[in-house]
Every structure is written in C-alpha cells, then in structure tokens.
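Enquirer: Have a look at this fold, sequence not included:
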C-alpha cells in the first residue's frame with residue numbers, strides 16, 4: 001500500500017489517499033505487432049499471476065510468473081519453457097499452456113473478461129513514439145493451475161485481474177483504436193495528455 005497526493009495545478013484541487021500501486025518499465029524499443037498482457041492478484045490468498053508476450057516470428061514467446069500458496073514461486077521464460085497461447089480479443093479470452101523443459105512443471109491459465117470492458121483504446125510504445133494500440137480490461141478473472149507431471153500442485157481463481165490485447169490481437173470488428181487519431185505521440189507531448197481538460 002502506498003500513499004499518494006496529486007495536485008491539479010489548473011483547478012487547485014488536491015486528491016490524496018492510499019492504495020496499491022503498479023509500475024512498469026518497457027525494456028525494448030517498441031512493442032511487437034501483437035501481444036497480450038495479464039496482471040492478477042489475490043491479496044487475501046497471497047497468490048498472483050502475470051503474463052506478457054505474443055507471437056514473434058511465428059513462435060509464442062511469453063514470460064509467465066506465478067506466486068502461489070505455501071511460497072510456491074514459478075517462472076516460465078522462453079529460455080526454460082515452451083508456451084502455447086489461444087488469444088481471442090473479440091470474446092475477451094486468453095488461454096496459456098506452458099511447460100518447463102527440465103523440471104516438467106506445467107502451468108495452465110485461462111484469463112477471461114466481458115468483451116464489453118475492452119472498449120477504450122490505450123497508448124503504447126511504437127518505434128515512432130506513443131500511439132493508440134491496445135485495449136485493456138481491469139475486471140478480468142484468471143484461473144491458474146500448476147502441475148508436476150500428472151499431479152496438481154497448486155491452483156487459484158483470481159478475480160482481480162487486468163487483461164490487455166495489443167496490436168493485431170485486438171478484436172478487429174470492435175477495435176476501439178479505430179476511432180483514435182493514429183498520430184504517434186512523442187515523449188515530449190505525452191505529459192499534455194495527463195492535463196485535465198476544461199469543460
């Protein structure tokens with residue numbers, strides 16, 4: 001839990017309180033042409049799941065992390081695992097199956113959300129700057145199972161999850177980014193988006 005205080009210099013309004021915070025860093029130059037991202041947390045049960053990846057040169061490359069009960073911590077990466085993914089941005093679902101090559105540990109994850117919650121376009125990094133390229137839901141559910149051979153060693157149903165479809169994984173027939181200016185934003189114009197608009 002972190003404390004925050006934000007002052008709107010235009011109106012003089014001050015917002016403050018406490019809550020959980022999330023921060024990310026983009027380690028690459030730009031996002032790939034298609035990706036999905038998941039962040040799920042069950043504070044009461046002490047479980048969390050995160051996933052990020054997509055197809056690169058026809059291969060599903062994902063980073064998956066699961067923190068479960070009794071201190072179970074497993075990571076599935078391209079250098080230690082094979083992952084398959086079924087992505088459906090139109091129905092709001094992502095299914096992941098990953099198996100570690102040396103340990104035999106396997107992770108099955110099913111992440112779903114009501115497709116109507118994927119109705120806002122978000123900005124993401126491209127080679128030309130930030131531009132409209134992804135849709136995200138903050139009311140997804142993630143069910144995760146971890147297996148060792150034929151034995152289920154942990155499972156969780158996490159109802160506080162975020163699910164993002166980006167680039168070509170967004171539903172083409174209901175892409176909220178189709179109605180947004182395709183002009184990329186440079187890092188210098190990005191802070192202007194955070195300023196309040198006058199009514």
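Expert: Cool, got the structure. It should be emphasised that the depicted structure is a prediction, and the values quoted were computed from it without experimental measurement.

Enquirer: ranges for the helices of the chain?
Expert: 190-193 (DSSP state H).

Enquirer: Give me the buried positions along stretch 81-92.
Expert: Neighbour counts over stretch 81-92 (16 or more other Cβ atoms under 10 Å) mark 81, 83, 85, 87, 89, 92 as buried. The C-beta positions use only the backbone N, C-alpha and C, and glycine is treated the same way.

Enquirer: In CSV, list those residues along with distance to residue 43 and pLDDT.
Expert: Output for these, formatted as CSV (distance: Cβ to Cβ, whole Å; pLDDT from 0 to 100):
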residue, distance to residue 43, pLDDT
81, 27, 95
83, 27, 94
85, 27, 94
87, 28, 94
89, 28, 95
92, 24, 96
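
Enquirer: Sort out which residues of stretch 157-165 are buried, please.
Expert: For stretch 157-165, using 16+ other Cβ under 10 Å, the buried residues are 158, 160-165.

Enquirer: And stretch 47-60, by the same measure?
Expert: For stretch 47-60, by 16+ other Cβ under 10 Å, it's 47-55, 60.

Enquirer: How far away from the center of its chain is that stretch?
Expert: 10 Å (Cα atoms, centre = their mean, to the nearest Å).

Enquirer: So what touches it?
Expert: 32, 34-42, 61-69, 83-85, 87, 94, 96, 109, 111, 142, 144, 156, 158, 161, 166-167, 169 (Cβ atoms under 8 Å, 6 or more residues apart in numbering).

Enquirer: For residue 77, state which of the buried residues of stretch 157-165 is nearest.
Expert: residue 164 (19.6 Å; Cβ to Cβ).

Enquirer: measure the residue nearest the centre of the chain to residue 51 for me?
Expert: Per Cα atoms, centre = their mean, the C-alpha nearest to the average position across the chain is that of residue 37, at 2.7 Å. According to Cβ to Cβ, to the nearest Å, residue 37 stands 7 Å off from residue 51.

Enquirer: same question, residue 125
Expert: 19 Å.

Enquirer: what's the answer for residue 155, then?
Expert: Look at residue 155 and residue 51: by Cβ to Cβ, they are 16 Å apart.
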